[in-house]
Structure formats: C-alpha cells, structure tokens
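S.K.: Quick one: sequence and predicted model below, then my questions.
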Protein chains: 2
Amino acid sequence: MDERTAYFLSDQTGVTAETLGHSLLTQFNSRNFRQVTLPFIDSEDKAREAVRKINETARTSPQRPIIFSTLVQDEFRAIVREADGLHLDIFDVFLEPLGAELGEQPTHEPGRAHGMSDIDAYMKRIEATNFALANDDGGISRNYEVADVILVGVSRSGKTPTCLYLALQYGVYAANYPLTDEEFESGRLPEILIKQHKKLFGLTITPERLRQIRKERRALGKYSTAQQVRFEIREAEKLFRRYSIPYVDTTEFSIEEIASRILDSTGVERRVRP
Amino acid sequence: MDERTAYFLSDQTGVTAETLGHSLLTQFNSRNFRQVTLPFIDSEDKAREAVRKINETARTSPQRPIIFSTLVQDEFRAIVREADGLHLDIFDVFLEPLGAELGEQPTHEPGRAHGMSDIDAYMKRIEATNFALANDDGGISRNYEVADVILVGVSRSGKTPTCLYLALQYGVYAANYPLTDEEFESGRLPEILIKQHKKLFGLTITPERLRQIRKERRALGKYSTAQQVRFEIREAEKLFRRYSIPYVDTTEFSIEEIASRILDSTGVERRVRP
C-alpha cells in the first residue's frame, strides 16, 4: 500500500484546513491521498481522540500522515501536536507576524471564521440563495432590477451552479436566463434583458463538452445532437457579440473559476466574504 | 482614516487566499479591513499591475497593506514580492517541508486547486447540485434512494442552502423535506421518508430566530407569528425524537457549520473535496 493519509484538523468546520491542504497537495504529482477531516475539535477528549486516530494511521501505514491543522486554542493545539505526522499549521506560522503588524494579540477564540459571528452575513447569503433560486432559468421572479449580475447562455452551460455559488460564497445576487430558439430565431434578446444590459454576462462552452454534459441528462433527442449544440452555441455567441455582452468559455473552468472571472470582469462587489 | 487593506493575490480564483486570510484576520479584534481580491495573476503585466495597486494603497494609507498570496509560479511571485506590505504566503512556508516529506519537487503549475484539473469532480458537483434542486422542498423527484442524506425540518430552518452547499462544495447528494401541518397533525412521517430512515437528519432552530427569518420573507399572516413558529418547532422536535432522527440546532451556525456537523454526525463521505 502506497497510500498516504492527509488529515484536516479544526476546532470548527475544517473548511480552512481543507482549502489550504488541497492547494498545497495539488502542487505535487502524488495523488494517492486518503483525506480525512476531523472537525469540531473543541474539547480535550476530542483532541485526544484525533491523536489516537492519527497515530493509529501512522502505525499501520508505510508513511506517516500529513496534518493540516487550524486549531486556535492553545490547550488543544498542544495535545494535537503530539500526533505522529508532518504538522502544517497556518496559525503557527502566520499569527505572530500578523499580530506584530497589527500591534495586537490574537484572541485564540474559535469559530470566528466560517462561524456565526456575523448574523448579517448569514442572512445575506441566504437571501442571495433565495434570489438565485427564484431567478433561475429565466424563472418566476425575473426580479432583475435588484440583480448584481444576470448570466445568459444556452442550457447546461453552467449558469445555475455558478449563480448558486456566487450566492452561497459571496452573497452576490445572480439571476440567469437561458437562451433558446425564441432568441435564436429573432436574433434578439427580450426587452427585460436589454433594460439590464450592463448586468448581462454570457457563458459559452465548446460543442463537444456541451454535448457530453447534455448526454448525461438526456441521451436521446435533438437536445444533445452535435448539430443542435453547435447551432445553439454559434447563435448564443452571435448574440453576445451583437449586444457587446462580455462572456467566458466555461469548458476548462471549475465553478470557482467561472465565478471569480465574472466578479473580476464585471467589478461586482462581494457582499460577504467566505 | 484608520482603515487597513487586505489583498488576496492568486494566479487562480483567489479562493484559497481569501479563506486563509479570513481565518487569520478573524483572530484579531481589528475589523476595519478593506478587502480586495486580485485573481488570475498569470502574466508579468498582471503581476506588475497588482504591485502598482498595492503600492498605491500603501502610499495613500496610514498603514501598509497585508498581502495574502498564493501564487505558484516563481517569476510572478518574485514580482509581487516587491509590493509594499506584509507578505503572508502559504507556498513560501509550507511547500518546502511538504516536498521534503513527500520526497518530491512541487510542480509550480497554477490552477491545480479549484481548477478544472478534474472534470470528474466538476461533473459530480454539477450533478449533485441538480439533485439538490430537483429534490428541494420535498419536490419533484423524491429520488431518495440515491440521496446521501435527507434533511427534514420546518420551513426556513436552513434546509435548502445547506443542501446546495453540500452539493457544490462536496458533491454530496442532499435532498430535503419540509415538515408541515400534515406531519404535525398525524404525528407521523410519510412512508417515503420512513423507508429511508437512516438517511434522515433534522434541522431545528429557536422560535425567536425562525420568526426573525420568516418575517423577512412574509411579515404578515400566521406564518411568522410567535405562536405558529413555537408550535411548528415543538412538533418537529417531537418527530425527531419519536423516530430517533439526529438533529442539530442551526440558530448559532453558519451554512458551513451546519454542513460540517451533518457530515461529521452521519459519516457521509465527501464525494469531492474543495
């Protein structure tokens, strides 16, 4: 067994430890990592239980575990420190220089990132998510006046997940409108979109990739034929150019990348930060 | 002006830099940070433009900026390094010990975290998001056989955002079912849920908080009266106990915390990792 275990330790959700660890691990070609998140280590018992699990892994594996840790309370950090593995801890390294720069001692209070320290931020994310759902797929509300951005594109070009991600991650109000035969035949966007021209942002995709995605949903019928996807994409891009709508090709991009590129290109402000 | 600027620099989305920076900054009581993300620094021009922006901030602010950086390409790192501010860089600190441990040199290739390096992961997240949408609010599909987890709770207890977050972040198939008068009057769950008993997870909330949330949506009517929210929550918790459904009080929790606690409590495996 050549497998190595990466542990993500946190006194809270583990999101920071996971994100940090993922960024570092993907810099190496070794890909054979078993990944284990141990969140909510907020008592001596849980800290000792984490050490027990890690040491058990160390004992039964050819290589010692890698431990990404974001515990902030010194007493539990000290316990976890004793686990057998390579410890990589952002607080160990960055807290001191940041405190010196700010001229302030860190609080060592848990749960301040990704926690409920800010009810206002929570409500903003929830409201933005509700907005995305009500304004998904050209649907129901068409409440475009309050939208921060309106994504346009053919079916399955990535509009819905991107809108939901923008809402959940950043509290951004993102609507989306699907381009269909109605727009392709007239060569025009509906008035309700033209009125919000500055908020429009297009998503496009390669025909090959779109066909692959559509086939997963509906293998048969015109929807996923090579001819149909090529037609739709060509017409959609024509509309983007005709109306000078900025757009991005989502083929090679993850949801995070599409979202970041939209924010970067439009200058839309994040209403909350992760 | 006492404001300090925090920059999040990345050759990709900036998600890692933002997450790292947020975790560190929330350890201090200073909260007056202007936050600026500069993503996609993947050319010499963009690196120099970032330096220009940061130095401009440094010149016009009483305190120098704090720079959270996750650039992986040495040539652009070297340029960005010259910006005036406190540099905190996870790759500076952790790449070398991690490489030594793995016995491997880092690739310094950008875009491997949060990138499209893994189409399979992208598809899993998209499919999980579609699943969450189709199985939201007890709706349409009721495709509970393939669900990883089914959240139950009263209206506005946090079910929908949690399901969407589990899908987008972890590719987990999360359905949700709203408890309403039908269940409260009979004191029973529907057969379709009982059959999936092991997948059920309850969300509850305090009456005060639920009322506050519901009022934002619909200020008038029975829906947000003190009496109604108390009744619904009491009956929902009765059902959780009657059917031995594990549940969590979402009142003090962010979406990330609710999601992490569900995964931690149920042992449901993340299908992808952020």
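M.R.: Alright, I've got the coordinates.
S.K.: give me the low-pLDDT residue ranges for chain A?
M.R.: Counting by pLDDT under 70, the ranges of chain A that qualify are A:1-2, A:111-118, A:140-141, A:274.
S.K.: Strands of that one, start to end?
M.R.: Under the criterion DSSP state E, strands of chain A are mapped to A:4-9, A:33-38, A:66-69, A:86-89, A:149-153, A:174-178, A:200-204, A:247-249.
S.K.: between the fifth one and strand A:174-178, how many degrees?
M.R.: Orientation note: strand A:149-153 sits at an angle of 20 degrees relative to strand A:174-178 (axes from the mean of the first three to the mean of the last three Cα atoms, to 10 degrees).
S.K.: hmm, strand A:149-153 touching chain B?
M.R.: No. Figure legend: strand A:149-153 not in contact with chain B (Cβ under 8 Å from any Cβ of the partner chain); closest approach 14.1 Å. For the C-beta atoms, the positions are set from N, CA and C on the backbone; glycine is no exception.
S.K.: can I get the strands of chain A in JSON lines with mean neighbour count and distance to B:Arg209?
M.R.: What follows is the strands of chain A, written out as JSON lines (neighbours: other Cβ atoms under 10 Å in any protein chain shown; distance: least, Cβ to Cβ, whole Å):
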{"stretch": "strand A:4-9", "mean neighbour count": "24", "distance to B:Arg209": "30"}
{"stretch": "strand A:33-38", "mean neighbour count": "18", "distance to B:Arg209": "27"}
{"stretch": "strand A:66-69", "mean neighbour count": "26", "distance to B:Arg209": "32"}
{"stretch": "strand A:86-89", "mean neighbour count": "20", "distance to B:Arg209": "34"}
{"stretch": "strand A:149-153", "mean neighbour count": "26", "distance to B:Arg209": "30"}
{"stretch": "strand A:174-178", "mean neighbour count": "25", "distance to B:Arg209": "26"}
{"stretch": "strand A:200-204", "mean neighbour count": "23", "distance to B:Arg209": "35"}
{"stretch": "strand A:247-249", "mean neighbour count": "20", "distance to B:Arg209": "39"}
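S.K.: Could I get the ones you listed in TSV, plus columns for distance to B:Asp249?
M.R.: Below are the strands of chain A laid out as TSV (distance: least, Cβ to Cβ, whole Å):
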stretch	distance to B:Asp249
strand A:4-9	24
strand A:33-38	22
strand A:66-69	27
strand A:86-89	30
strand A:149-153	34
strand A:174-178	30
strand A:200-204	39
strand A:247-249	41
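S.K.: Quick one: closest of these to B:Thr250.
M.R.: strand A:33-38 (19.9 Å; Cβ to Cβ).
S.K.: next one: the closest one to chain centre, how far?
M.R.: Averaging C-alpha positions (Cα atoms, centre = their mean, to the nearest Å) puts strand A:33-38 19 Å from its chain's average.
S.K.: between it and strand A:4-9, how big is the angle?
M.R.: Computed with the same axes, to 10 degrees, the direction of strand A:33-38 lies at 20 degrees from that of strand A:4-9.
S.K.: C-alpha coordinates for strand A:33-38, CSV please?
M.R.: Output of strand A:33-38 as CSV, limited to C-alpha atoms (Å, rounded to 0.1, in the frame of the first residue of the first chain):
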residue,chain,number,x,y,z
PHE,A,33,-4.0,10.6,-0.6
ARG,A,34,-6.7,9.4,1.7
GLN,A,35,-8.3,12.5,3.0
VAL,A,36,-9.9,12.7,6.4
THR,A,37,-11.5,15.8,8.0
LEU,A,38,-11.7,15.9,11.8
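S.K.: So what touches that strand?
M.R.: Strand A:33-38 has contacts (Cβ atoms under 8 Å, 6 or more residues apart in numbering or on different chains) with A:3-10, A:14, A:17-18, A:21, A:25, A:50, A:53, A:66, B:260, B:263-264, B:270, B:273.
S.K.: can you pull the contacts of the residue lying closest to A:Glu235 once chain neighbours are set aside?
M.R.: In space, and not counting its chain neighbours, A:Glu235 is closest to A:Phe184: 4.1 Å by Cβ to Cβ, 6 or more residues apart in numbering or on different chains. Shown in contact with A:Phe184 (Cβ under 8 Å, 6+ apart): A:Phe231, A:Glu232, A:Glu235, A:Ala236, A:Leu239.
S.K.: doesn't A:Leu210 make contact with the fourth one?
M.R.: Yep, that's A:Ala236 we're talking about. No. Here A:Ala236 does not reach A:Leu210: they are 10.3 Å apart, not a contact under Cβ atoms under 8 Å.
S.K.: what's the overlap in contacts for the two?
M.R.: Shared contacts of A:Ala236 and A:Leu210 (Cβ under 8 Å, 6+ apart): A:Val154, A:Ser157.
S.K.: who's in contact with A:Ala219?
M.R.: Contacts of A:Ala219 (Cβ under 8 Å, 6+ apart): none.
S.K.: Now do the phi/psi pair for it.
M.R.: phi -70, psi -30 (degrees, to the nearest 10).
S.K.: Next, count neighbours for A:Arg59.
M.R.: Counted with other Cβ atoms under 10 Å in any protein chain shown, the neighbours of A:Arg59 add up to 9.
S.K.: Look up how far A:Ile67 lies from the closest residue to A:Ser30 other than its chain neighbours.
M.R.: Distance criterion Cβ to Cβ, 6+ apart; nearest residue to A:Ser30, sequence neighbours excluded, is B:Leu102 at 5.5 Å. Distance, B:Leu102 to A:Ile67, using Cβ to Cβ, to the nearest Å: 14 Å.
S.K.: thinking again about what came up before, the residue nearest to A:Ser30 reaches A:Arg31, doesn't it?
M.R.: No. Contact criterion Cβ under 8 Å: B:Leu102 and A:Arg31 do not qualify, at 11.1 Å.
S.K.: Counting neighbours, go ahead and name the busier of the two.
M.R.: B:Leu102 (19 against 9).
S.K.: wait, what's in contact with that one?
M.R.: By Cβ under 8 Å, 6+ apart, the residues touching B:Leu102 are A:Arg4, A:Phe28, A:Ser30.
S.K.: JSON lines for those residues, including distance to A:Glu82?
M.R.: Converted to JSON lines, those look like this (distance: Cβ to Cβ, whole Å):
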{"residue": "A:Arg4", "distance to A:Glu82": "20"}
{"residue": "A:Phe28", "distance to A:Glu82": "26"}
{"residue": "A:Ser30", "distance to A:Glu82": "26"}
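S.K.: Can you give me the domain assignment for chain A?
M.R.: Chain A breaks down into these domains under automatic domain parsing: A:4-102, A:119-266.
S.K.: Compare these and give me the one nearest B:Thr60.
M.R.: Of the domains of chain A, the one closest to B:Thr60 (Cβ to Cβ) turns out to be domain A:4-102, at 18.2 Å.
S.K.: and the residue nearest to A:Ser224 when sequence neighbours are not counted, how many neighbours?
M.R.: Computed as Cβ to Cβ, 6+ apart, the closest residue to A:Ser224 that is not its neighbour in sequence is A:Arg214, at 3.9 Å. When neighbours are defined as other Cβ under 10 Å, A:Arg214 has 20 of them.
S.K.: Going along the chain, name the helices of chain A.
M.R.: A:15-25, A:44-60, A:74-80, A:90-102, A:119-134, A:159-170, A:181-186, A:191-194, A:207-217, A:226-242, A:255-266 (DSSP state H).
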